[in-house]
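Peer 1: the following block contains a protein sequence and its predicted model.
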Amino acid sequence: MITGNHAAAMAAAMAGRANRSGRGFCSGVYPITPSTECMEFLCLQDIEKGHVVKVESEHSAMAVCVGASAAGARTFTTTGGNGLIYMSENVTVAAYLRLPVVMVVGNRAIGPPWNIWTDHSDSLTLRDSGWVQIYCWNNQEVFDAVLMAFRIAEDHRTLLPVMVCQEGFVLSHTMTLTEIAYQAQVDKFLPPLQLPHRLATTPRALGTFDTSHMIEAHREQHHAAMGMVWSAYREAQADFERIFGRHPPDPVVTYRTDDAQLALVSMGTIAETANQVVDDLRGRGLKVGSIRVCMFRPFPFDALKQAFAGIPRIAVIDRDISLGFGGALWGEARGLAEPGAIVQNFVTGLGGGDVRPEHIEEMVTEALGLTTSGPPVFIGVGE
């Protein structure tokens with residue numbers, strides 16, 4: 001029985017030990033609620049050939065990871081909320097230098113006004129930063145996703161940093177039964193990191209000045225690497241299941257959608273509540289299904305389009321708001337529905353607000369009564 005924070009730290013420590021025959025492990029850390037316990041637990045771990053560096057800010061925490069990763073070490077950090085926003089300059093640096101840093105984000109609302117509880121506004125603010133983004137719905141997925149993240153990040157076809165997103169307090173501080181791997185299993189799953197462009201005895205330059213033509217080439221390469229994530233992820237899934245006996249979720253997971261007349265689309269822990277509501281409504285004769293988006297970057301266009309096929313009404317649930325527009329998930333998913341389908345955005349759970357079954361049932365009722373899609377609908381505000 002462990003929290004999401006402890007699951008993340010344990011996975012990071014085991015991944016670090018697995019690189020003991022390589023260039024070792026390094027983590028730059030700075031505390032911020034709701035991620036503090038993750039870094040505290042990591043600081044207590046005995047990691048051969050590993051260093052956890054305590055710094056003065058989140059910006060410096062990522063700077064440590066950038067330097068260590070460039071030297072060939074396996075690297076990890078954790079943050080959330082305004083800490084992630086403060087870190088953002090170096091978050092982009094890590095991505096554009098194609099460094100395989102792994103970061104667990106304890107999702108937290110961005111202030112002011114200050115709030116320490118969950119929504120997805122922090123990580124989704126950085127959706128264009130060049131990082132892979134994975135969203136978890138329980139503590140087991142947090143542990144597994146951290147190991148998967150290192151495997152994807154360090155694949156030579158990708159060489160991209162990866163965010164593993166867990167909702168603050170909902171997962172970070174909640175204790176659930178979580179299966180922890182043996183170190184020998186992790187060693188088998190994560191071979192020593194071999195960073196092809198690491199700084200060593202061969203002279204290299206990172207982050208130099210680029211002309212326009214060079215920038216264009218680099219962005220095209222970066223975008224192409226994002227496209228390779230799907231192959232790397234599928235191969236990692238197969239190896240993970242063979243070694244650990246569990247199958248990590250697909251980037252898009254469907255639930256009872258085969259004959260659905262309405263699908264609820266969500267990320268993170270809301271999906272578990274949505275599945276419960278689907279079961280309840282099915283018992284009342286309503287053909288409702290649920291679709292969970294587990295990977296937001298790269299965005300799973302093909303998988304979502306396939307999941308939406310034949311469904312005339314889609315309710316996209318966002319635990320974030322792009323002010324003046326709508327939810328980020330809705331914004332990217334709405335064009336994938338079949339022509340004529342109603343795709344309605346519902347915004348809920350901001351700043352840690354409860355997302356209860358009755359709230360999702362309210363969304364279903366609202367969506368079933370629509371004749372056309374409208375502006376985002378806020379549900380559960382002020383309750």
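Peer 2: Cool, the structure landed.

Peer 1: average pLDDT across stretch 304-319?
Peer 2: Stretch 304-319 carries an average pLDDT of 98.

Peer 1: list the buried residues in that stretch.
Peer 2: Neighbour-count burial for stretch 304-319, with 16 or more other CB atoms under 10 Å as criterion, is recorded at Leu304, Ala307, Phe308, Ile311, Arg313, Ile314, Ala315, Val316, Ile317, Asp318, Arg319. (Each C-beta comes from the backbone N, C-alpha and C, glycine too.)

Peer 1: cool, and stretch 184-204?
Peer 2: So stretch 184-204, judged by 16+ other CB under 10 Å, has buried residues Gln185, Val186, Asp187, Phe189, Leu190, Leu193, Leu195, Arg198.

Peer 1: do stretch 241-250 as well
Peer 2: Result for stretch 241-250 [16+ other CB under 10 Å]: buried residues Ile243, Phe244, Pro248, Pro249.

Peer 1: that stretch: end-to-end distance?
Peer 2: Start-to-end span of stretch 241-250 (CA to CA, to the nearest Å) is 12 Å.

Peer 1: how does this structure divide into domains?
Peer 2: The chain breaks down into these structural domains: 4-244, 252-378 (assignment by automatic domain parsing).

Peer 1: of the buried residues of stretch 304-319, closest to Arg219?
Peer 2: Leu304 (24.1 Å; CB to CB).

Peer 1: skip the chain neighbours and tell me the closest residue to the closest one.
Peer 2: Leu336 (5.0 Å; CB to CB, 6 or more residues apart in numbering).

Peer 1: how close does that neighbour sit to Gly374?
Peer 2: 19 Å (CB to CB, to the nearest Å).

Peer 1: for the two, indicate the residue with more neighbours.
Peer 2: Leu336 (20 against 11; other CB atoms under 10 Å).

Peer 1: contact partners for that one?
Peer 2: The neighbours of Leu336, taking CB atoms under 8 Å, 6 or more residues apart in numbering as the test, are Phe301, Leu304, Lys305, Phe308.

Peer 1: so the second one sits against Val293, correct?
Peer 2: Yes - at 7.1 Å, Leu304 counts as touching Val293 under the criterion of CB atoms under 8 Å.

Peer 1: overlap in contacts of the two?
Peer 2: In contact with both Leu304 and Val293: Val252, Val265, Ala333, using CB under 8 Å, 6+ apart.

Peer 1: what's the closest of those to Tyr86?
Peer 2: Ala333 (29.5 Å).

Peer 1: helix or strand next in line after the helix or strand hosting the closest one, which one?
Peer 2: Using DSSP states H and E, Ala333 sits in helix 328-333. Proceeding N to C from helix 328-333, the next assigned helix or strand is strand 342-347, under DSSP H and E.

Peer 1: what's the following helix or strand past that next one in contact with?
Peer 2: The helix or strand immediately downstream of strand 342-347 is helix 357-368, counting by DSSP H and E. Helix 357-368 is contacted from outside by 262, 264, 270, 273-274, 276-277, 280-281, 286, 288, 313-315, 317, 342, 344, 346, 348, 377, 379-380, using CB under 8 Å, 6+ apart.

Peer 1: all helices of the stretch 151-300 of the chain, in order?
Peer 2: 183-189, 212-244, 270-283 (DSSP state H, counting those that start in this stretch).

Peer 1: I'd like those as CSV, with distance to Phe169 and mean pLDDT appended.
Peer 2: Shown next, in CSV, are the helices of the stretch 151-300 of the chain (distance: least, CB to CB, whole Å; pLDDT from 0 to 100):
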stretch, distance to Phe169, mean pLDDT
helix 183-189, 27, 98
helix 212-244, 27, 97
helix 270-283, 14, 98
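
Peer 1: pipe the ones you listed into CSV and attach distance to Met175 per row.
Peer 2: Formatted as CSV, the helices of the stretch 151-300 of the chain follow (distance: least, CB to CB, whole Å):
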stretch, distance to Met175
helix 183-189, 22
helix 212-244, 21
helix 270-283, 16
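
Peer 1: go through these and pick out the most buried.
Peer 2: Sort the helices of the stretch 151-300 of the chain by mean neighbour count, taking mean count of other CB atoms under 10 Å, and helix 270-283 sits at the top with a mean of 18.

Peer 1: give me the angle between that helix and helix 357-368.
Peer 2: For helix 270-283 against helix 357-368, the angle by axes from the mean of the first three to the mean of the last three CA atoms, to 10 degrees is 70 degrees.

Peer 1: helix 270-283 packs against which elements?
Peer 2: strand 252-255, strand 262-266, strand 288-293, helix 357-368 (3 or more CB pairs under 8 Å, 6 or more residues apart in numbering; DSSP states H and E).

Peer 1: quick one: strands adjacent to the second one?
Peer 2: Okay, so that is strand 262-266. strand 288-293 (parallel), strand 313-318 (parallel) (DSSP bridges).

Peer 1: now the first one: mean pLDDT?
Peer 2: Looking back up the chat, that one is strand 288-293. 98.

Peer 1: cool, and stretch 65-74?
Peer 2: On average, stretch 65-74 scores 97.

Peer 1: out of the buried residues of stretch 241-250, which comes closest to Ser60?
Peer 2: Nearest to Ser60 among the buried residues of stretch 241-250, with distances taken as CB to CB, is Pro248, at 32.0 Å.

Peer 1: just checking, the closest one touches Glu235?
Peer 2: No - Pro248 is beyond contact range of Glu235, at 11.5 Å (criterion: CB under 8 Å).

Peer 1: what's the neighbour count on His359?
Peer 2: 20.
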